[in-house]
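Trainee: Fold the following and give me the result.
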Amino acid sequence: MIKFYKSFENKISEIHSAVSGCWVSVTDPTPQEIKELIDDYGLDSGFVKSSLDDEETSRIEREDNQTLIIVDSPVSEVDDERTLLFYTIPIGIIITENYVFTISVKESRIIDEATGGVIKNLSTNLKTRFVLQLLLRIITLFLIYLKQIDKISSRAEQELHDAMKNKLIMQLLELEKSLVYFSTSLKANEVTIEKIYRGRVIKLYDDDQDLLEDVLIEIKQAIDMSNIYSSILSTMMEAFSSVISNNLNFVMWRLTVITVIMAIPTMVYSFYGMNTSGLPMPVTWFPTLLSVVLTLIVAFLLLKMKKK
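Mentor: Next comes the predicted model:
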């Protein structure tokens, strides 16, 4: 799907066709639309294919009068088991003489926010600043999702004391995997943004330098948060394993106690049920009393051992 947007008085509005200074948003394009981008707009075919590659890493590249910036953008969605998943997808930003293209394999929050007016003072006429504002918002989304991951892990920590559910472990595993994705993507994005900061690929103005410094500050903060949360989550996973093991041992101990206690009356009545003579006090109430006394003694001793 190809859509065209242009800013009028600092407000993004959709237009029907491409004009100079507009933003072209491309999401999950069809083969015909890909051909249109290459033939009608003159985009480098390699740039387009790289932007649509799920496994493409963040980088910046220039070819003739076109500049490609690939950045990893965070995505959040709920799976069939209602578990919140976090991962990243590459978004290709291609800057040409007249247009700015964003190309992605699927819809993303950053594009929705840009078209919905969430990003303030977004102007398609200032191409470099437009790209930097998108980059800043992408890093901000990383920070937002990292805080969500921290909240989810904190809720899981509250259930740590009686953890016996596989669902909790699977949720923590998903969070740990998400943090690996985030950490890897953030470090790759940092390298790309530092290349932009050196000004060798994209011409930067004074105002752009200030904005780019904000982007670098935010991305370093996001990397630190990702590393901290990853360490906390790893420690929590180890604690979960220990707690589950201890809880399982406690359950097995209780089952053992019940088995031992239930075996005492069975042994007593089996003994008195044998076809023999000379048993002490062969009356009905004595085996019952003996079973109760022995059961209480064994239960008391087992409980005393457990407290130790």
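Trainee: Please enumerate the strands of this structure.
Mentor: Under the criterion DSSP state E, strands of the chain are mapped to 2-7, 12-15, 22-27, 59-63, 66-78, 84-95, 99-104.
Trainee: for those strands, which one sits closest to residue 220?
Mentor: Residue 220 lies closest to strand 66-78 among the strands of the chain, at 15.5 Å (Cβ to Cβ). For glycine as for every other residue, the C-beta is placed from the backbone atoms N, C-alpha and C.
Trainee: tell me the angle of that closest one relative to strand 59-63?
Mentor: With axes from the mean of the first three to the mean of the last three Cα atoms, to 10 degrees defining the directions, strand 66-78 sits at 150 degrees from strand 59-63.
Trainee: Give me the buried positions along strand 66-78.
Mentor: Neighbour-count burial for strand 66-78 flags 66-75 (criterion: 16 or more other Cβ atoms under 10 Å).
Trainee: now that strand against strand 84-95, angle please.
Mentor: Taking the same axes, to 10 degrees, one finds strand 66-78 and strand 84-95 inclined to each other by 160 degrees.
Trainee: Note down every partner strand of strand 66-78 and its orientation.
Mentor: Using DSSP bridges, the strands paired with strand 66-78 are strand 59-63 (antiparallel), strand 84-95 (antiparallel).
Trainee: Make CSV from the strands of the chain and add mean pLDDT to it.
Mentor: Output for the strands of the chain, formatted as CSV (pLDDT from 0 to 100):
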stretch, mean pLDDT
strand 2-7, 86
strand 12-15, 82
strand 22-27, 88
strand 59-63, 86
strand 66-78, 88
strand 84-95, 88
strand 99-104, 90
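Trainee: Distance to residue 153 added to those strands, as JSON lines?
Mentor: Listed next are these as JSON lines, based on distance: least, Cβ to Cβ, whole Å:
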{"stretch": "strand 2-7", "distance to residue 153": "37"}
{"stretch": "strand 12-15", "distance to residue 153": "36"}
{"stretch": "strand 22-27", "distance to residue 153": "32"}
{"stretch": "strand 59-63", "distance to residue 153": "31"}
{"stretch": "strand 66-78", "distance to residue 153": "15"}
{"stretch": "strand 84-95", "distance to residue 153": "12"}
{"stretch": "strand 99-104", "distance to residue 153": "28"}
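Trainee: can you tell which of those is closest to residue 196?
Mentor: For residue 196, the closest of these is strand 59-63, at 6.4 Å, according to Cβ to Cβ.
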